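# I would like the atomic coordinates for the input below:
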Amino acid sequence: MIGGAQLATFLVASFAIIIVPGPSVLFTLARGVAWGRTVAVLTVVGNSIGTLLLSIVVALGLGPLLAQSRTFSIVLQLAGGCYLGWLGVDALRHRHEHARAMTTREALRPAPRQIIRQGFTVGVLNPKSLIFFAAVFPHFVEPTKGNVTVQLLVFGVIFSVMAFASDSTWGIVAGTARQWLAGSPSRLVTLRAIGGCVMIVLGALILVSAVRG
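Residues are numbered from 1 along each chain as shown. Have a look, this model is predicted:
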């Protein structure tokens with residue numbers, strides 16, 4: 001059974017990683033800016049399905065290993081912290097390119113099924129989610145609270161629901177303010193820069209936590 005303090009800490013960490021504009025959010029924003037709210041929300045539906053599937057795969061694969069090896073858990077956290085830091089640096093370095101890509105409109109609006117499929121692909125291949133599931137989830141697992149795999153699955157469902165709510169909000173806002181956003185790439189550059197800094201800080205915090213054990 002997951003404890004209250006354990007869950008509260010996980011919710012805070014999940015909110016911090018979800019709110020950062022990563023690949024999924026950027027993809028949703030791009031769709032919202034290009035085609036509006038409906039396309040953005042459908043993109044999030046597909047993305048959330050992909051994220052949930054990814055969390056299940058990670059939980060089933062990592063659960064037994066994490067239950068048996070503290071060293072394995074620490075290694076994953078170190079790798080995850082480093083990778084999040086790298087993603088943050090990359091976001092800062094390429095913030096202008098990302099902003100230009102987000103304001104590029106495609107000629108034809110895709111069909112709903114295609115939109116969901118594309119969102120699913122981005123979600124299941126999202127490196128930010130993969131690293132969070134593989135490296136950050138173990139930090140909140142407490143073997144004394146019950147089955148490790150079950151805890152990971154619960155965390156995965158909670159994370160996916162939170163991600164859906166957050167990304168949908170991003171998409172609706174982008175679809176509503178599409179002209180305002182597209183009219184000023186500098187706003188998107190600032191957004192991406194802030195996101196990069198947050199990822200760097202979060203990666204550093206994970207590294208410190210892993211070293212301290």
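# center of the chain - which residue?
Ser129 (4.4 Å; Cα atoms, centre = their mean).
# for it, give its distance to Thr43.
Ser129 sits 15 Å away from Thr43, going by Cβ to Cβ, to the nearest Å. Where C-beta positions appear, they are placed from N, C-alpha and C, glycine not excepted.
# so which strand or helix has the closest residue to Phe132 other than its chain neighbours?
Residue nearest to Phe132 in three dimensions, not counting chain neighbours: Ile17, with 5.3 Å by Cβ to Cβ, 6 or more residues apart in numbering. Applying DSSP states H and E as the criterion places Ile17 in helix 4-19.
# excluding chain neighbours, what is closest to Ile172?
Per Cβ to Cβ, 6+ apart, closest to Ile172 is Arg37, 5.1 Å.
# what is the burial count for that neighbour?
17 (other Cβ atoms under 10 Å).
# how close does Arg117 sit to Phe72?
34 Å.
# sorry, that was for Phe132
17 Å.
# go on, Val141?
Applying Cβ to Cβ to Val141 and Phe72 gives a distance of 12 Å.
# and if you look at Phe159?
21 Å.
# more neighbours: the two, which one.
When neighbours are counted by other Cβ under 10 Å, Phe159 and Phe72 differ, and Phe159 comes out ahead with 27 against 14.
# didn't the more buried one look like it was pressed against Phe15?
No: judged on Cβ atoms under 8 Å, Phe159 makes no contact with Phe15 at a distance of 9.9 Å.
# how about the residue nearest to Ile172, what does it touch?
For Arg37, the contact set (Cβ atoms under 8 Å, 6 or more residues apart in numbering) comprises Gly171, Ile172, Gly175, Thr176.
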